[in-house]
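Asker: sequence and computational prediction follow.
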Amino acid sequence: MKLLILDRDGVINEDSDDYIKSLEEWIPIPSAIAAIARLSKAGWTVAVATNQSGIARGYYNLATLDSMHARLRELVAEQGGEIGIIQFCPHGPDEGCDCRKPRPGMLKRIAAHYGVDLAGIWFVGDSSGDLEAALAVDCQPVLVKTGKGERTLAKTLPAGTLVFDDLAAVAAHLLQ
């Protein structure tokens, strides 16, 4: 199985330091939607692992989050692709869950869902937490410069981190 795991905010859609709180605020990065569709059509399974502490903070509810993910699936399907499992952490940073990145719980759940070993699987994100979660389960950490990526790039990256301009560049590399 060719599996690619993506963070959501800043990788697939525009990010905001004020949180993405509504379907109207969920603005896809057009090249990211096309990249997911291209990967899917080429036989890749594209899963998502996303922290969504805005739920715990009361900024939006599960129905709103579900509407964002339904829209994501719809946009990718319009281009002939599909999104695999979407794992999300609804907890706040102080709740001590195992799923909030940089903890690897969501990545482990994706692996269990597909019955795969995560060693070497690419996890694409835009934050240090994404890269740390990848390393915790032996995934290949991949940083994109979209979202918080440029800020993250200014920090010390884990050894072996791959860096790309955006998800479209990741897809181009994987499909070459």
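Answerer: Received, thanks.
Asker: excluding its backbone neighbours, what's nearest P102?
Answerer: E132 (3.5 Å; C-beta to C-beta, 6 or more residues apart in numbering). C-beta coordinates here come from the backbone N, C-alpha and C atoms, glycine included.
Asker: just checking, what packs against the longest strand belonging to the chain?
Answerer: Looking across the chain with DSSP state E, the single longest strand is strand 44-51. Here strand 44-51 touches strand 2-6, helix 30-41, strand 86-89, helix 105-114, going by 3 or more C-beta pairs under 8 Å, 6 or more residues apart in numbering; DSSP states H and E.
Asker: ok so, going back, beyond the host helix or strand of the residue nearest to P102, next helix or strand please.
Answerer: Applying DSSP states H and E as the criterion places E132 in helix 128-136. Moving toward the C-terminus from helix 128-136, the next helix or strand (DSSP H and E) is strand 140-144.
Asker: and stretch 76-93, how far apart are its ends?
Answerer: End-to-end span of stretch 76-93 (C-alpha to C-alpha, to the nearest Å): 30 Å.
Asker: now it: how far from the chain's centre is it?
Answerer: 8 Å (C-alpha atoms, centre = their mean, to the nearest Å).
Asker: go on, stretch 167-176?
Answerer: 15 Å.
Asker: repeat for stretch 94-114
Answerer: 13 Å.
Asker: returning to that earlier point: give me the contacts around the helix holding E132.
Answerer: Residues outside helix 128-136 that contact it (C-beta atoms under 8 Å, 6 or more residues apart in numbering): 7, 49, 51, 101-104, 106-107, 123-125, 139-143, 152, 155, 157-158, 161.
Asker: which residues does the residue lying closest to Q87 once chain neighbours are set aside contact?
Answerer: What sits nearest to Q87 in space, not counting adjacent residues and going by C-beta to C-beta, 6+ apart, is M106, at 4.0 Å. Counting by C-beta under 8 Å, 6+ apart, M106 makes contact with A49, T50, Q87, F88, C89, C99, A133.
Asker: tell me the two of the residues you listed that are most distant?
Answerer: In these, two members sit farther apart than any others by C-beta to C-beta. They are F88 and A133, at 13.4 Å.
Asker: who has more neighbours, these two?
Answerer: Set F88 next to A133 and count neighbours by other C-beta atoms under 10 Å: A133 wins out with 28 against 20.
Asker: what's the closest non-adjacent residue to that one?
Answerer: K101 (4.2 Å).
Asker: in the longest helix belonging to the chain, what's buried?
Answerer: Longest helix in the chain, counting residues (DSSP state H): helix 62-78. Neighbour-count burial for helix 62-78, with 16 or more other C-beta atoms under 10 Å as criterion, is recorded at T64, L65, M68, H69, L72, L75, V76.
Asker: this completes my enquiry, with thanks.
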